[in-house]
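Undergrad: Next input, structure requested:
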Amino acid sequence: QGGALLQWNEIQPILPWGVILLLGGGFALADACRHSGLSAYIGEQLRGLGSLPEPQVAVMLMLITSLTTAVTSNVATASIFIPVASSLAQSMGTNPLGLMVPVCLTCSLAFALPVSTPPNAMAFASGRIKVQDMVALGLCMNVIGVVVVLLLLYTSGNAVFDLSSVPNWAMLPEDASGEGSA
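TA: Residues are numbered from 1 along each chain as shown. Now for the predicted structure:
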């Protein structure tokens, strides 16, 4: 009557187990960073950046995020650095989207290593791409991506995200009256 669509012995050899384990590992790493307090610790270490102008902070966060996402999954990197960017922006009294958006987009610029994203791992698993080729081209693409994100953020970002004001949802509790810095 109702036979199986797939048999285990047919699908098991062609299923990309490495990609599945990579994704699972990324989610586990993100969860571990959150529960262990590593995300909060990183945020504390970066709190000194708050005295710099926002564009410089954005560039530094993007570079740190770009380096991190090259060696860990982009899911784990986003889970670590987006909350850090949000709290850093709040402590600076600026719109959190001004730091969160570039960090989020930088997490997607993971081109340098097979471990960075599942598509990278699948391309590498084909056996047609060498790690050296991925690193050389991936780093160039990362630099181009960071520059493009920065250009877009600081040319049209204000029109899209209203970065010049701090939204109510981002105000610290003492600023909840709406009298916070804008």
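Undergrad: Can you list the low-confidence ranges for this protein?
TA: Across the chain, the ranges flagged by pLDDT under 70 are 1-2, 172-182.
Undergrad: Mind doing that once more with 50?
TA: For the chain, the stretches with pLDDT under 50 are 179-182.
Undergrad: and the gap between P55 and Q7?
TA: Here P55 is placed at a distance of 57 Å from Q7 (CB to CB, to the nearest Å). Where C-beta positions appear, they are placed from N, C-alpha and C, glycine not excepted.
Undergrad: The two - which one has more neighbours?
TA: P55 (13 against 9; other CB atoms under 10 Å).
Undergrad: my guess is the more buried one contacts L151, does it?
TA: No - P55 is beyond contact range of L151, at 11.4 Å (criterion: CB atoms under 8 Å).
Undergrad: show me what contacts the closest residue to F111 other than its chain neighbours?
TA: Distances taken as CB to CB, 6 or more residues apart in numbering put G138 closest to F111, at 3.5 Å, once the chain neighbours are dropped. Shown in contact with G138 (CB atoms under 8 Å, 6 or more residues apart in numbering): 70, 110-113, 116.
Undergrad: can you check M62 too?
TA: Contact analysis of M62 by CB under 8 Å, 6+ apart lists 102-103, 106, 146, 149-150.
Undergrad: The residues you listed in strands, which ones?
TA: Using DSSP state E, no member of those falls in strands.
Undergrad: Neighbour-wise, give me the winner out of those residues.
TA: Neighbour counts for the contacts of M62, by other CB under 10 Å, peak at T106, which reaches 29 neighbours.
Undergrad: Could you report the separation of it from S165?
TA: As judged by CB to CB, T106 and S165 stand 24 Å apart.
Undergrad: what's the burial count for P16?
TA: Residues lying near P16 (other CB under 10 Å) number 12.
Undergrad: What distance do you get for it to S116?
TA: 15 Å.
Undergrad: that older thread, need the max-distance pair from the contacts of M62.
TA: V103 and L150 (11.9 Å; CB to CB).
Undergrad: Now do the helices in the protein.
TA: 8-11, 17-36, 38-46, 54-71, 74-92, 97-107, 118-125, 131-161 (DSSP state H).
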